[in-house]
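[1] attaching a predicted model along with its sequence, questions to come.
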Amino acid sequence: MALTNFILTVVGVGAAVMLLRSDVKQSATIFRRNVRHIRNWLEEESAAAAKYARFCLLLNFANLLLALASPSAANLMLRLVWIGSGVG
């Protein structure tokens with residue numbers, strides 16, 4: 001009887017270990033995939049923020065020229081900034 005209990009315990013523990021190993025591998029795979037997605041999202045957001053910052057800088061420069069130049073030249077500059085920024 002003791003030998004049977006021992007064998008059943010070893011089989012049960014072995015089955016639990018095998019299930020946990022496969023579960024850990026699957027969880028690690030999902031975690032790596034999620035990290036990759038998050039990294040891609042951060043890179044996309046960073047690129048969008050840099051593009052918007054360039055646009056704001058160009059717009060501020062155009063507004064400065066607007067204050068210094070004639071209205072027609074400033075209007076042309078604002079159009080060029082809007083087209084060149086890629087926002088519009």
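    The structure has been received and is ready for your questions.
[2] going forward, measure contacts and count neighbours with C-alpha atoms only.
    Fine.
[3] in what helix or strand does residue 12 lie?
    Element membership for residue 12 (DSSP states H and E) is helix 2-68.
[4] what helices or strands is that helix leaning on?
    Judged by 3 or more C-alpha pairs under 8 Å, 6 or more residues apart in numbering; DSSP states H and E, helix 2-68 is in contact with helix 71-85.
[5] where does pLDDT dip in the chain?
    69-71, 73-74, 77, 81-88 (pLDDT under 70).
[6] again, only using 50
    88 (pLDDT under 50).
[7] in it, which residue is closest to the centre?
    Nearest residue to the geometric centre of the chain (C-alpha atoms, centre = their mean): residue 41, 1.5 Å.
[8] tally of neighbours for residue 47?
    The number of residues packed near residue 47 is 12, by other C-alpha atoms under 10 Å.
[9] can you check residue 54 too?
    For residue 54, the neighbour count with other C-alpha under 10 Å is 13.
[10] any figure for the gap between it and residue 32?
    Distance of residue 54 to residue 32, computed by C-alpha to C-alpha, to the nearest Å: 33 Å.
[11] before we move on, what about residue 48?
    Residue 48 is 24 Å from residue 32, by C-alpha to C-alpha.
[12] same check on residue 58?
    Taken as C-alpha to C-alpha, the span from residue 58 to residue 32 is 39 Å.
[13] comparing those two, which residue is more hemmed in?
    For residue 58 versus residue 32, the count of surrounding residues by other C-alpha under 10 Å is larger for residue 58: 19 against 11.
[14] residue 78 touches residue 59, doesn't it?
    Yes. Assessed by C-alpha atoms under 8 Å, residue 78 is found in contact with residue 59 at 7.1 Å.
[15] what do the two both touch?
    Counting by C-alpha atoms under 8 Å, 6 or more residues apart in numbering, residue 78 and residue 59 have no common neighbour.
[16] please name the residues that touch residue 57.
    For residue 57, the contact set (C-alpha under 8 Å, 6+ apart) is empty.
[17] next, count neighbours for residue 80.
    The tally of other residues near residue 80 (other C-alpha under 10 Å) stands at 14.
[18] what about it, distance to residue 62?
    9 Å.
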